[in-house]
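Engineer: Please work out how this folds:
(3 chains)
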Amino acid sequence: MAEITFREALNQAMAEEMERDENIFLMGEEVGYYQGAYKVSQGLMERFGTKRVIDTPIAELGFAGVGIGAAMTGLRPIIEFMTFNFSILALDQIFNNAAKLRYMSGGQIKVPIVFRGPGGAAHMLGAQHSQCLDPWFCNVPGLIVMSPGTPRDGKGMLKAALRDDNPVIFIESEAMYGMKGEVPDTEYIIPIGTGEIKREGKDITLIGWNKMLHVCMEAASLLEKEGIDAEVIDPRTLKPLDEQMIITSIEKTNRCVVVEEGWPYAGVGAEIAFRINKMAFDYLDAPVERISGEDIPMPYAHNLEKEVIPGAGKVVNAAKRALYID
Amino acid sequence: MAIKMTMPKLSDTMEEGTIIKWLKKEGEAIKAGQVVAEAESDKATMELEAFDEGILKKIVVPEGGKVGVGGLIAVIGEEDEDISDILEANEEDTKPEPEKTKETNKTETESKAPEPPKPAVAAPPPTTVSPPAKTDIKTASDGTRLKASPLAKKLAGEKGVNLRSLQGSGTGGRIIRRDVINFLDKVQNSEAAEKEPVKVNLTTMRDVISRRMTLSKTTIPHFYLTTEVDVRKTAEFRKALNESQSDIKISFNDIIVKAVSLALKKHKNINASFAGDHILQHDRIDIGVAVTLDEGLITPVVRNCDQKSIGDISKEIRSMVKRAKERKLVPEEYTKATFTISNLGMYNIEEFSAIINPPEAAILAVGAVKKVPVIEEDQISIGQRMKLTLSSDHRVIDGVAAALFMRDLKKRIENPMAMVL
Amino acid sequence: MKKEKLVWMYRMMLLIRRFEERAAQMYGMQKIGGFCHLYIGQEATGVGTVAAMRPEDYLISAYRDHGHILAKGSDPKAVMAELYGKGTGISKGKGGSMHLFDIEKRYLGGHGIVAGQIPLATGVGFAIKYREEDGVVVVSFGEGAVHQGAFHESLNLAKLWKLPVIYLIENNRYGMGTPLERASAVWDLSQKACSYDMARDTVDGMDVLAVYDVMEKAVNRARKESEPTLIEARTYRFRGHSMSDPVHSHYRTREEVEDQKLKDPLKGFQEKLLKDKVLTKEDIKEIESETKRIVLDSVDFAEKSAEPELDSRFEDVYV
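Structural biologist: Reported below is the predicted structural model:
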């Protein structure tokens, strides 16, 4: 197994799938000549030409709609948002068209498209560039939402997304593009809707995805020093959710902390907590704890930003509450 | 219009009551002033009167059921009046347990209309040993919410553990898995050696005693003074009194009550109560006399003892003791004493220290009359002695003040003739 | 032009007119619910456009879409059943009046968000070019849509990438109740193309042959040169914006509507066909009764069809 960066893993996924299926193309701002704002598409234009790696003007609504129109007539676009903050300009196309065309047409239309790019906070980018919009997309029926936390998952999940016939929102992280991890040399696919136990444990379940997976892993290490054996699970696909994996874990540990980067109100973590309450109620020994970003726009200053984004300390404290340890 | 019949406050310390018996059935006509039920307060069994005329439409709390003071026990109304809104409102107030979550539906989006809440089920009549019944897991027998994690409830249900017998170690006293596990471990360990103790549920009275005594002993700084009283003359005095009248039977205790009342009249600082930032000294001298009942004790109060003769005091105490044992005392008869006397002499207890009955500032513990050898003018003779122990609230009474009171009391008991002068 | 094509145009305009009249009646009888936007008065624009297209070319439009899907050749029965919300509807009862789709006929839908379909059409043009096909796509929208960013972003991309897309503004003068004059700084709408150096044209949308001519040029430009065109067709709706909007009210007078009706595209075309001896009075009569039968059959079909199965609501959300 080779150790490669997250961006390389995503790049490999796109390259391999574009090689396999010529209906796949990549479109977005700076994806071609510039080699990608975060260099995720590095080398793809040279390899596949400007026909299949297409630079767009700054017109998110327009090129998102172009992608959907192309998808509904048989192509398989990858639409890159430089960051998901800019996808807000394209939400009409994503919500009203990508998500609904199949339904409104009574199943006549397929929209095999992947909208990908980094979501959430990077570092000191301020309120408009540091938003975790996971719950927005998860709330709309017709969309699939995926958010990988490791290079290996990123590659296997993106390949699955590119082979699916539904619109997929694929949320990466600026902060993780440089993160290295082992990626299998042979081809593999991580199916949509499958989570993974990232660390086995018996005392408490920590649920986190994207950057928060790593916060949970750090929290698990801290808890281990205190003799607490935490299980960390990554749902990887936020919609549809791997409920079975979560419930099985809760049945074992009887306690849970859900960690998400986004805002607290009506967040994905709230939904997961509800499902645990509903499906694993009789296995709970404590209320499900939840850690989220704080309910404020992201401040710029380093120290303030650090407070807003969930950290391992907050997760450890929540875990102790769930374990009735003061 | 429908009338709500609620649990009245039957004593100063009463927080909830138990319906012992319904004298009327649902559908029966009721007149204002008629007794419709008997209820047990923490002190006594009381008759509940209807204040309004009408039909007993609905008995909300059945026999054996408990409800807090002010809680709905029945609804009186007209023949065909609809009282469902009153009952519904009551259900909401009493907050029944939500329905247990059933099997998960495949589609999460599906949301069912909420089912109407089930009528509040009154707890079954208290039994001495409660089986691990399902209802017991859900609601405490006194109607308060039992806090336990879902897992603990499930585990307890499976293992037949009565959650009421557990102490929760989770947040806010929540019973969690480890509490059930620890309990099961304990039971397992003790099963080999001894049988599980029989669990006896607290009666309302027992519950009140436990709380009030704990409050007293943990918040009042008690101190104790014991003195020995020569009761030779007192015994003679008593004998003379009892022989002079055939319809009277004076006890030592009656004499002590009188003596205490006179001593209190002189030592107003003892006949007092602590009231936070000040002390209340009472003019009235109302002495409570502790009476033992099967399920606890009660203290009927003899009012204005200083103004009553020993004979009157004696008759009054006798009558009240009788009615206390029949649970017929009304609240005015057992509340608002200014001083209490507890006598265990008849059980041959030499001396003991009593716990103050708040808000009173002192209590007198009376021991048995003993024949003891006494030395007077170098001669050994047979004397009669009795020990008195005063428990005092140090916030109100200092040592010397208590000692002076005791010295005065001792003198009065030892020279009983002065009491009738 | 061949006689068959002229007769097809006439038949189709009449079918749309009669279909819409019946839809209005059924709406009044509460057989049809929701929003219902009628195409009466604008038939020449839609029919002239489709007449210039090949069957494999794509058409996509806004929510005033009954006329477009019928012109593209869809079964009136399935369309009426969709308006009724029946399981036999063209969108299985999940779309309704504003969301008619017929992929087989290459009709990519009625769309409810103003201008939302314009980027989609641009994407369809992108796909045609990507696959090196010789198809074209026509996207129809009202003059109200030209003020949306989606319109401008699409025109820029289509010209930038040279896509075979024809942007057809069906200017019926009112965006709901707001006349163009109160909504737009420019009243000659094809001028919007100038910003993008795009080919443009303006046509009398009440004249089906004029629409056909202009559209044919644009279609050829798209097919042969892969160049987009912006066309403004000036037309008029004889009915209100939707069923809840009266024919004439605060925003337009009875006189204005009556005046416009003198230019009824159906009547004018009929007179021309009679004058040119393409059709006889007997032919007209026969076409009329045949059309009536088709429309009544569609109503009968919709009436008799079952509502969708309840469980079907969970289908077609995902592939």
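
Engineer: Would you mind measuring from B:S84 to C:T45?
Structural biologist: Here B:S84 is placed at a distance of 64 Å from C:T45 (Cβ to Cβ, to the nearest Å). For the C-beta atoms, the positions are set from N, CA and C on the backbone; glycine is no exception.

Engineer: can you check B:K186 too?
Structural biologist: 87 Å.

Engineer: With neighbour numbers in mind, choose between the two.
Structural biologist: The neighbour count for B:K186 versus C:T45, taken as other Cβ atoms under 10 Å in any protein chain shown, is higher for C:T45 (34 against 11).

Engineer: who's in contact with the more buried one?
Structural biologist: When contacts are counted by Cβ atoms under 8 Å, 6 or more residues apart in numbering or on different chains, C:T45 touches C:140, C:168, C:170, C:205-206, C:211, C:233, C:235.

Engineer: Going by neighbour count, list what's buried in the helix or strand where C:E290 lies.
Structural biologist: Secondary structure from DSSP states H and E places C:E290 in helix C:281-304. For helix C:281-304, the neighbour count (16 or more other Cβ atoms under 10 Å in any protein chain shown) marks C:287, C:291, C:294-295, C:298-299, C:301-302 as buried.

Engineer: what do you get for stretch B:217-233?
Structural biologist: Within stretch B:217-233, the residues scored as buried using 16+ other Cβ under 10 Å are B:220, B:222, B:225, B:227, B:229-232.

Engineer: so how far is that stretch from its chain's centroid?
Structural biologist: Relative to its chain's centre, stretch B:217-233 lies at 23 Å (Cα atoms, centre = their mean, to the nearest Å).

Engineer: Check stretch B:340-347 too.
Structural biologist: Centroid separation for stretch B:340-347 versus its chain: 18 Å, with Cα atoms, centre = their mean.

Engineer: All the strands of the stretch 251-400 of chain B, residue numbers only.
Structural biologist: B:272-274, B:279-281, B:287-289, B:291-293, B:296-298, B:301-302, B:339-343, B:362-376, B:379-393 (DSSP state E, counting those that start in this stretch).

Engineer: on that earlier part again, nearest to B:P150, of the buried residues of helix C:281-304?
Structural biologist: Proximity of those to B:P150 (Cβ to Cβ) peaks at C:A302, which lies at 51.9 Å.

Engineer: what's the closest of the buried residues of helix C:281-304 to chain B?
Structural biologist: For the buried residues of helix C:281-304, the minimum distance to chain B (Cβ to the nearest Cβ) is 29.3 Å, reached by C:A302.

Engineer: If I look at that closest one, what pLDDT would I see?
Structural biologist: Predicted confidence (pLDDT) for C:A302: 98.

Engineer: do B:A39 as well
Structural biologist: pLDDT at B:A39 comes out at 84.

Engineer: Which of the three states applies to the residue nearest to it when sequence neighbours are not counted?
Structural biologist: Once flanking residues are discounted, B:A39 sits nearest to B:G17: 4.6 Å by Cβ to Cβ, 6 or more residues apart in numbering or on different chains. On the three-state scheme (DSSP: H, G, I helix; E, B strand; the rest coil), B:G17 is labelled strand.

Engineer: what sits against B:G17?
Structural biologist: B:G17 makes contact with B:7-8, B:10, B:39-41, B:46, B:66-67, B:69, B:204, according to Cβ under 8 Å, 6+ apart.

Engineer: quick one, strands of chain C?
Structural biologist: Along chain C, the segments classed as strands by DSSP state E run C:58-61, C:107-110, C:137-142, C:165-171, C:174-175, C:178-179, C:199-204, C:229-234.

Engineer: And the last one, what does it pack against?
Structural biologist: In other words, strand C:229-234. On a contact count with 3 or more Cβ pairs under 8 Å, 6 or more residues apart in numbering or on different chains; DSSP states H and E, strand C:229-234 meets strand C:165-171, strand C:199-204, helix C:208-220.

Engineer: Which of these has the highest mean neighbour count?
Structural biologist: Counting by mean count of other Cβ atoms under 10 Å in any protein chain shown, strand C:165-171 has the highest mean neighbour count of these, with a mean of 29.

Engineer: what packs against it?
Structural biologist: Helices and strands touching strand C:165-171, by 3+ Cβ pairs under 8 Å, 6+ apart, are helix C:43-51, helix C:117-130, strand C:137-142, helix C:149-160, helix C:208-220, strand C:229-234.

Engineer: Mean pLDDT for the ones you listed - can I get that in TSV?
Structural biologist: As requested, the helices and strands packed on strand C:165-171 are arranged in TSV below (pLDDT from 0 to 100):
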stretch	mean pLDDT
helix C:43-51	98
helix C:117-130	98
strand C:137-142	98
helix C:149-160	98
helix C:208-220	98
strand C:229-234	98
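
Engineer: quick one, strands of the stretch 1-150 of chain A?
Structural biologist: Counting by DSSP E, counting those that start in this stretch, the strands of the stretch 1-150 of chain A are A:2-5, A:24-28, A:53-55, A:76-80, A:114-118, A:144-146.

Engineer: Tell me which of these sits most buried.
Structural biologist: Highest mean neighbour count of the strands of the stretch 1-150 of chain A: strand A:76-80, a mean of 28 (counted as mean count of other Cβ under 10 Å).
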